[in-house]
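1. I'll drop the sequence and a predicted model, then ask my questions.
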Amino acid sequence: MRYCVLRAALLAAVLCVLPVVIAALWLGLGCAAVVSALLIALGWIIYFHAERAVLTALRARPVSEVERPELFRLVRELARSARLPMPRLFVSPATQPNILTVGYGPRSAAVCCTDGLLKLLSPPELRAVLAHELSHVSRRDVAVSSWSAGLASLVAVCPLTALLLQVAAPAGREYDADMGGALLTGEPLELASALRKIDSCAADLPPRPRWPLAAASHLLIACPFPPGRLGGLGRLGGLLRTHPPTGERVRRLEGLAGVVGIPPS
């Protein structure tokens, strides 16, 4: 995962240096300094904008322990086992079952579950997907993915944004978090079962293909849009599909549990 983070950082550096060099060659050092200042300002805007953009796209709201005591208990136990600070918890009213984590480090992480997820999964399955999300936090890949989601939500017409998402959220990111989450709980089959349910319901309850949600889709545990539903976003739609096949994720988890793989239903 560190290699993927490094690739994303190098791509972001190239995207920042290139306009500065062009400005310096064509318009002089003064203009290059202005471009540099604008890029720095844009970076900070994206930094502070990312979490709000992602949570707003899901219409999420913060919840207290009084409202969701079982959710808080599960997350607190997992965070303690993973030696992580307790993340902030949000709930989205979306009926499609899904979950994501946004933030720039363990102390700023925010986990957001949908109502559909909380209603669909059993407690062991919910524990498994929460462990998956905390694995992202432990691996610190959530920082690059959050920043790229903020950039994508601001610059919806730039193909380079989609390229950044592909670099920042490769398939290996989800495989690693699946393995990390399964090792944290010791129950890989519960995560496999949860992924099956989420994938099946995602096809039955697709959200409207809006750009803010599409820009954050790589943060979700499963792509919220079935194949073909991103067509309304133009050619960028296909590039935003960064999740590996659910069947392969399930097969790997079943292999980790030491059982024979079962074809997904």
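-> Nice, I can see it. Residues are numbered from 1 along each chain as shown.
2. Now T101: phi and psi?
-> Phi and psi for T101, reported as degrees, to the nearest 10, are phi -130, psi 130.
3. Quick check: it vs S108, distance?
-> Per CB to CB, to the nearest Å, T101 is found 10 Å from S108. C-beta coordinates here come from the backbone N, C-alpha and C atoms, glycine included.
4. of these two, who's got more company?
-> Between T101 and S108, T101 has the larger neighbour count (other CB atoms under 10 Å), namely 25 against 16.
5. show me the contacts for the more buried one.
-> P87, A109, A110, V111, C112, E133, L134, H136, V137, V142, L219 (CB atoms under 8 Å, 6 or more residues apart in numbering).
6. Can you pick out the ones from those residues that are in helices?
-> E133, L134, H136, V137, V142 (DSSP state H).
7. Determine which two of those residues are furthest apart.
-> Longest distance between any two of these is 9.9 Å, between L134 and V142; criterion CB to CB.
8. for the ones in helices among the contacts of T101, which one is nearest T185?
-> Nearest to T185 out of the ones in helices among the contacts of T101 is L134 (CB to CB; 10.0 Å).
9. Contacts only, for the closest one.
-> Counting by CB under 8 Å, 6+ apart, L134 touches V75, L78, A79, A82, L84, P87, T101, V111, G181, L184.
10. Top of the residues you listed by number of neighbours, please.
-> Highest neighbour count within the contacts of L134: G181, with 29 neighbours (other CB under 10 Å).
11. buried sites along the helix or strand hosting that one?
-> G181 is part of helix 171-185, with elements assigned from DSSP states H and E. Across helix 171-185, burial judged by 16 or more other CB atoms under 10 Å covers R173, E174, D176, A177, D178, M179, G180, G181, A182, L184, T185.
12. ok, of these, which one's closest to P226?
-> Closest to P226, out of all of the buried residues of helix 171-185 and judged by CB to CB, is E174, at 17.3 Å.
13. In contact with that closest one, which residues?
-> By CB under 8 Å, 6+ apart, the neighbours of E174 are I221, H243, P244, R249.
14. Setting aside sequence neighbours, what's the nearest residue to the first one?
-> Okay, so that is I221. Distance criterion CB to CB, 6 or more residues apart in numbering; nearest residue to I221, sequence neighbours excluded, is I99 at 5.1 Å.
15. Report how many residues lie close to that neighbour.
-> When counting by other CB under 10 Å, one arrives at 24 neighbours for I99.
16. Any figure for the gap between it and E254?
-> Distance, I99 to E254, using CB to CB: 21 Å.
17. Could you tell me whether P97 really is in a helix?
-> No. Assessed with DSSP: H, G, I helix; E, B strand; the rest coil, P97 is coil; it does not lie in a helix.
18. C-terminal to the helix or strand of the chain with the lowest mean pLDDT, which secondary structure element comes first?
-> The helix or strand of the chain with the lowest confidence, counting by mean pLDDT, DSSP states H and E, is helix 236-239 at a mean of 54. The helix or strand immediately downstream of helix 236-239 is helix 246-256, counting by DSSP H and E.
19. Tell me the buried residues in that following helix?
-> Of all the residues in helix 246-256, those buried under the rule 16+ other CB under 10 Å are T246, G247, R249, V250, R251, R252, L253, E254, L256.
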